[in-house]
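quick one, fold the following:
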Amino acid sequence: MKDLFWFEGDQRRSLIYSLLKSWHRVLCDLETAMGTWDLPYIFGERPNLGILAAAAVRVKYVPFEEYSTEKGRGKNRRKGRADLWLATKNGTKAFDFEAKYIEPSFRSKRLARTIKHHLDIATEDASDIRYKSDNTIGIVFISPYGATYKDFSESFFWDQLSDLRQYNGNFCALHICATEIWS
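Just a heads-up that it's a prediction; the model follows:
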């Protein structure tokens with residue numbers, strides 16, 4: 001099986017589709033370079049945000065990761081950290097990302113509910129940034145476990161993800177690595 005990229009959502013959005021298509025290409029490059037070594041995307045939120053930042057550079061956005069900021073309002077105001085900020089080189093458009101990472105079983109029948117829970121938290125975290133951009137995005141990185149090549153059905157997994165209404169998502173992208181990477 002060759003690596004696959006699937007996207008659901010409005011491809012006309014100026015950043016999202018091009019960013020996620022670039023994210024897929026960065027993942028393919030990492031897989032080619034690293035072979036069957038443990039790839040960074042299985043190690044949680046931070047490496048996945050780094051990969052997304054690298055993808056942003058490829059589509060001419062400037063990334064800034066894990067920066068100090070204020071969060072909340074009034075009595076709930078506090079110092080915090082934001083996950084990722086992306087801007088055009090001239091600064092006319094900017095995006096704030098807050099991310100979560102989950103490792104569900106690829107056989108999970110509650111995947112949409114798990115995604116919704118974490119996406120709600122990420123979206124709330126993004127809207128909680130005090131000096132935020134006009135565009136805030138909550139994102140969930142998913143690295144399923146328990147799949148072997150012969151057991152895995154990418155269409156079954158994609159069918160669970162692609163119905164954005166199940167978890168109130170605006171977009172979804174799926175990267176499936178080449179068969180040679182599977183262990």
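
packing partners for the strand or helix carrying Leu19?
Secondary structure from DSSP states H and E places Leu19 in helix 16-34. If contacts are counted by 3 or more C-beta pairs under 8 Å, 6 or more residues apart in numbering; DSSP states H and E, helix 16-34 sits against strand 4-9, helix 45-58, strand 171-176. No exception for glycine: its C-beta is placed from N, CA and C like everyone else's.

redo that, cut-off 10 Å
Packing partners of helix 16-34 (3 or more C-beta pairs under 10 Å, 6 or more residues apart in numbering; DSSP states H and E): strand 4-9, helix 45-58, strand 61-71, strand 94-102, strand 135-142, strand 171-176.

the ones you listed: which one's closest to Ser127?
Of all these, it is strand 135-142 that lies closest to Ser127, at 5.6 Å by C-beta to C-beta.

tally of neighbours for the residue nearest to Leu30 when sequence neighbours are not counted?
Distances taken as C-beta to C-beta, 6 or more residues apart in numbering put Leu39 closest to Leu30, at 6.0 Å, once the chain neighbours are dropped. By other C-beta atoms under 10 Å, 18 other residues sit near Leu39.

do the same with Leu84
Neighbours around Leu84, by other C-beta under 10 Å: 22.

which residues touch it?
Contact analysis of Leu84 by C-beta atoms under 10 Å, 6 or more residues apart in numbering lists 49-50, 52-53, 56, 63-67, 95-99, 126, 137, 139.

please apply the same query to Lys89.
Lys89 neighbours (C-beta under 10 Å, 6+ apart): Lys60, Tyr61, Val62.

ok, of these, which one's closest to Gln166?
For the contacts of Lys89, the nearest to Gln166 is Tyr61 (29.2 Å; C-beta to C-beta).

what's across from that closest one in the sheet?
For Tyr61, the beta-bridge partners under DSSP bridges are Thr88.

where's it relative to Ala173, distance?
For Tyr61, the distance to Ala173 (C-beta to C-beta, to the nearest Å) stands at 16 Å.

and these two? which has more neighbours close in?
With neighbours defined as other C-beta under 10 Å, Tyr61 and Ala173 compare such that Tyr61 has more, 21 against 18.

ok, that one touching Asn90?
No. If you go by C-beta atoms under 10 Å, Tyr61 and Asn90 don't touch, sitting 11.1 Å apart.

residue at max distance from the center of the protein?
Distance from the C-alpha centroid of the chain peaks at Lys75, with 31.0 Å (C-alpha atoms, centre = their mean).

and the residue nearest in space to the middle of the chain, what's its pLDDT?
Among the residues of the chain, the one closest to the centroid is Phe141, at 4.4 Å (C-alpha atoms, centre = their mean). Note on Phe141: pLDDT of 93.
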